[in-house]
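S.K.: Make a model of this:
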Amino acid sequence: MCVTWMISITSEAFNTRSRGPRNFSTYTLLGIVVAVAIVLSLVSYFYFASVSNRIEDTIRNGLGQHSKNEAFHLCEILERQVQFIVSSVDIAVNSPSIQSGRVEQGSEVINLAQQRTSSLTDRFFWLDASGKTMWSSAFMNNPKEYEQYRGFDVSDRPYFVEVARTNKPYFGPVIKSPVDNSQRMFISYPVFVDGSFRGVVVASIKADQLAKSITEESSLGFESSVEIVDSQGSIVYSQAPEHIGENLFGEKLQSVLQAPALESQEKLEEFNEFLRMSIDPTIPKEVHSRDFRTVTGDTATIIASPIRVVESEQEGNAEQHQELEGNAEQHQILTLYMSIPYNVAANVASLVDAQRNYSVVVIGAISAAAIIVSYFILSSNKRLERTVAERTQDLREANEHLKEHDRLQSEFINVAAHELSTPVQSLLGAAEMLEDQMLTREEIIRISKLEVEMILRNAKRLAKLTYDILQVSKIESNSLKLQKEQINLQEKIERVIEDVKPFVDQGKQLQIVFEPKVNEPVIVEADRTKLFEVISNLLRNAIKFTSKGTIKIVLEKSDSEAIVTVQDTGKGIDPEIMPKMFEKFTSKSDSGTGLGLFISKSIVEAHGGTISGENNSNGIGAKFRFTLPLYIVKGGTEKEPSKA
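M.R.: Residues are numbered from 1 along each chain as shown. Now for the predicted structure:
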């Protein structure tokens, strides 16, 4: 902005009448200052952008490396825990009691294996060669379950079928238990005696135990998410519980990943290929990572780390595993995924702000120096005054509303003085007349009915002006209080009409008509005095601005509101005051304070109603409408309203 201002001053300088060498040197110097300011500002800006990008790259690389280390750490922990389970199963199948089929001693081996691995497993069980349950760690201290499930046939389950078919250990995917609907993984080893298949030992791992292990070991302190997937792509653990048990390549998750999550179908296929590669057991074990960008422009790094266990060799299974000697087979049973969103602007806001502040200070200093130079160069002519005027224009505009307020106050004082002077002069004249009679020492002071009416009229006029000013004061100080009661609105309007009829000059051909468009009483809960004031203000305004014709008051009601309309055939509302006619001191009349509509609006809104005004559609006169909430009868009985 400063540079733009200086350029505009330079442009103006070339329009001056003086064309001498001195002015040419002045404007040349000014142009150089402006050019230097622009160049330095651009250099500062690009420096800030460069530093910000370097900060972002540094944070991105640091978070990525930290996340890879964390993923590797978590995988190592899970691998050790699962490997310990594998070793426990291997020890069990090679124990003499299991191989000899002694249930009493074999049960102790099974129980001990489960106790040693209870952080992840919920049970170990031993099946015979036909797939029937010989013992389960769940039978321990539970005779009822022992009686119910002893000899239970599970020969159709994959952890038995695959082992019996291949004579090799089984490392299964997550399956849903038909008993308690929980997600479980099974690791099973065959029992061989002299090359003969004698049964299976199975370890059951619950998915929620894996989740607990992850949450206890994870030390990530930034916004990230961790998921564990089995060898078939089914989610074993996720921080989004609704995804557990879903397959990565199933319809549900694929629909979530489609646009607008990823930019295109091509990007989705690229993402799926990354997932397939990460769960492929033939890929060498390493931590894989790749950046993906969403439609919203956010970038996240997905890190995949395989969790593999080594198949333990069994002493009694030499024939089946002699080809694996010295090179134990590995099984990828799980894959850990970690997603790291890069909200760099939020995470390193202080660093970026520091660079931004530095750039702003540099640009500000350059601009300030240019302004100072320009000031001294141009101080010999009158352009400084114009420049100051331009700079203060904003302040002038900001203070316009204060000036308007002062103007309205001045108008109010003038109007109030005029309104006060008229009744005061009349009262003073009457008092002087009475005083003159006293000076004649007459015992009886004579005063006519017209003079009494004049005194009363002017006294009431003063009282009304005083009351209006007091009402405005209460409204502005939020101290307007309402004494509500149930009022019959028809009767109230009729009484107000009777009260305002004396204000109609006898020379006016004016008729006041009341048209209630309801047959039953319209009851509202309102302040009697304040309601009178609203209706009276509207009627007296209509009388004031209508010289002949009709003033019509219409009463209607809706389901919840009473609607009162005052319509006249007078001069209508001046377009100049239409937008602000309900504000204080707004009036185009030679008499009146301009407070009536402001007070009426405040009273109506204090009752929970609305008020509006407009000119009639035929161009003759105006109409004002206000609404009030209807009185809701409690208990189903109508209370008799007090007289209006």
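
S.K.: okay, CA-based contacts and neighbour counts for the rest of this
M.R.: OK.

S.K.: What are the boundaries of the strands in the stretch 251-400 of the chain?
M.R.: With DSSP state E, counting those that start in this stretch as the criterion, the stretch 251-400 of the chain has strands at 288-293, 299-310, 330-341.

S.K.: thinking residue 230 is in contact with residue 236, fair?
M.R.: Yes. Here residue 230 reaches residue 236: they are 6.5 Å apart, a contact under C-alpha atoms under 8 Å.

S.K.: which neighbours do those two share?
M.R.: Residues touching both residue 230 and residue 236 (C-alpha atoms under 8 Å, 6 or more residues apart in numbering): residue 174.

S.K.: So which of the strands of the stretch 251-400 of the chain is the most surrounded?
M.R.: When you average the neighbours per residue for each of the strands of the stretch 251-400 of the chain (mean count of other C-alpha atoms under 10 Å), strand 299-310 leads with a mean of 23.

S.K.: Give me the angle between that strand and strand 288-293.
M.R.: Angle, strand 299-310 to strand 288-293, by axes from the mean of the first three to the mean of the last three C-alpha atoms, to 10 degrees: 160 degrees.

S.K.: Show me which positions of the helix or strand residue 184 falls within end up buried.
M.R.: When elements are assigned from DSSP states H and E, residue 184 belongs to strand 183-193. Within strand 183-193, the residues scored as buried using 16 or more other C-alpha atoms under 10 Å are 183-193.

S.K.: Show me what the helix or strand just after that strand is in contact with.
M.R.: Downstream of strand 183-193, the first helix or strand assigned by DSSP H and E is strand 196-206. Strand 196-206 is contacted by residues 85, 89, 92-93, 99, 114, 120-131, 159-160, 163-164, 167, 182-192 when judged by C-alpha under 8 Å, 6+ apart.

S.K.: can you pull the contacts of the nearest residue to residue 597 once chain neighbours are set aside?
M.R.: Leaving aside its chain neighbours, residue 597 sits nearest to residue 582 (5.2 Å; criterion: C-alpha to C-alpha, 6 or more residues apart in numbering). Shown in contact with residue 582 (C-alpha under 8 Å, 6+ apart): 597-598, 601.

S.K.: Of those residues, which is the nearest to residue 329?
M.R.: Minimum distance to residue 329 across the contacts of residue 582 is 88.4 Å, recorded for residue 601 (C-alpha to C-alpha).

S.K.: And that closest one, how far from residue 388?
M.R.: Residue 601 is 43 Å from residue 388, where distance means C-alpha to C-alpha, to the nearest Å.

S.K.: which residues of the stretch 101-250 of the chain score low on pLDDT?
M.R.: 178-179, 218-224 (pLDDT under 70).

S.K.: In JSON lines: the buried residues of strand 183-193, plus distance to residue 449.
M.R.: Conversion of these to JSON lines gives the following (distance: C-alpha to C-alpha, whole Å):
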{"residue": "183", "distance to residue 449": "104"}
{"residue": "184", "distance to residue 449": "108"}
{"residue": "185", "distance to residue 449": "111"}
{"residue": "186", "distance to residue 449": "114"}
{"residue": "187", "distance to residue 449": "117"}
{"residue": "188", "distance to residue 449": "121"}
{"residue": "189", "distance to residue 449": "124"}
{"residue": "190", "distance to residue 449": "127"}
{"residue": "191", "distance to residue 449": "130"}
{"residue": "192", "distance to residue 449": "133"}
{"residue": "193", "distance to residue 449": "136"}
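
S.K.: on that earlier part again, could you redo the strands of the stretch 251-400 of the chain as TSV and give each row distance to residue 155 and mean pLDDT?
M.R.: TSV is the format used below for the strands of the stretch 251-400 of the chain (distance: least, C-alpha to C-alpha, whole Å; pLDDT from 0 to 100):
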stretch	distance to residue 155	mean pLDDT
strand 288-293	39	72
strand 299-310	25	80
strand 330-341	23	79
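
S.K.: closest one to residue 174 among those?
M.R.: Among the strands of the stretch 251-400 of the chain, the nearest to residue 174 by C-alpha to C-alpha is strand 330-341 (9.5 Å).

S.K.: just to revisit the earlier point, residue 601 and residue 388: which is more packed in?
M.R.: residue 601 (18 against 10; other C-alpha atoms under 10 Å).

S.K.: May I ask which helix or strand encompasses the more buried one?
M.R.: Assigned by DSSP H and E, residue 601 belongs to helix 596-606.

S.K.: re earlier: please convert the strands of the stretch 251-400 of the chain to a markdown table, extending it with distance to residue 551.
M.R.: Listed next are the strands of the stretch 251-400 of the chain as a markdown table, based on distance: least, C-alpha to C-alpha, whole Å:
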| stretch | distance to residue 551 |
| --- | --- |
| strand 288-293 | 72 |
| strand 299-310 | 71 |
| strand 330-341 | 72 |
